[in-house]
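Undergrad: Build me a structure from this.
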Amino acid sequence: MPKKQGGNRNKRDKQSNFAKLSIFQPNKNRFKKSCPLSVKGAPKIDYKNIKLLKRYMSENGKILPSRITNVSQKKQRELSLSIKRARNLALL
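TA: Predicted coordinates for the structure are as follows:
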């Protein structure tokens, strides 16, 4: 029984399907999460508010990234500055 030459075509089809499922394509089903510090009635970021600052720090004392905490870029900068100030004053 002779070999089929259509085997190469299947490999190309698989590669093209793989290219279609790229991880860099935007996912339209995902929804944007809002910043917990930008909503109405959110607490003000201050170096004296230790309870708030501890929520955005790991157990080791490192500042958690905004992709985990869903904090906006502007608020993340304020948060990291407040945490650093509190560390300098030995509040944390």
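
Undergrad: In CSV, list the C-alpha atoms belonging to whichever helix in the chain runs longest.
TA: In the chain, taking DSSP state H as the definition, the longest helix is helix 73-88. Taking Å, rounded to 0.1, in the frame of the first residue of the first chain, the C-alpha atoms of helix 73-88 are listed here in CSV:
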residue,chain,number,x,y,z
GLN,A,73,-0.9,53.1,37.9
LYS,A,74,-1.4,56.4,39.6
LYS,A,75,-2.6,54.9,42.9
GLN,A,76,0.2,52.3,42.8
ARG,A,77,2.8,55.0,42.7
GLU,A,78,1.2,56.8,45.7
LEU,A,79,0.9,53.4,47.5
SER,A,80,4.5,52.5,47.0
LEU,A,81,5.7,56.0,48.1
SER,A,82,3.5,55.7,51.3
ILE,A,83,4.8,52.2,52.1
LYS,A,84,8.4,53.4,51.7
ARG,A,85,7.8,56.4,54.0
ALA,A,86,6.2,54.2,56.6
ARG,A,87,9.2,51.9,56.4
ASN,A,88,11.6,54.8,57.0
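
Undergrad: Could you tell me how many residues sit around the closest residue to residue 37 other than its chain neighbours?
TA: Spatial nearest neighbour of residue 37, chain neighbours left out: residue 75 (4.3 Å); criterion: C-beta to C-beta, 6 or more residues apart in numbering. C-betas here are computed from N, CA, C, even on glycine. Per other C-beta atoms under 10 Å, the neighbour tally for residue 75 reads 18.

Undergrad: ok, so what distance separates residue 75 from residue 59?
TA: Look at residue 75 and residue 59: by C-beta to C-beta, to the nearest Å, they are 22 Å apart.

Undergrad: Do I have it right that the residue nearest to residue 37 meets residue 35?
TA: Yes: at 5.8 Å, residue 75 and residue 35 qualify as touching, with contact defined as C-beta atoms under 8 Å.

Undergrad: quick one on the thing from earlier: I would like the residues contacting the longest helix of the chain, please.
TA: 35, 37-38, 45-50, 53, 56-57, 61, 63, 66, 69, 71, 92 (C-beta atoms under 8 Å, 6 or more residues apart in numbering).
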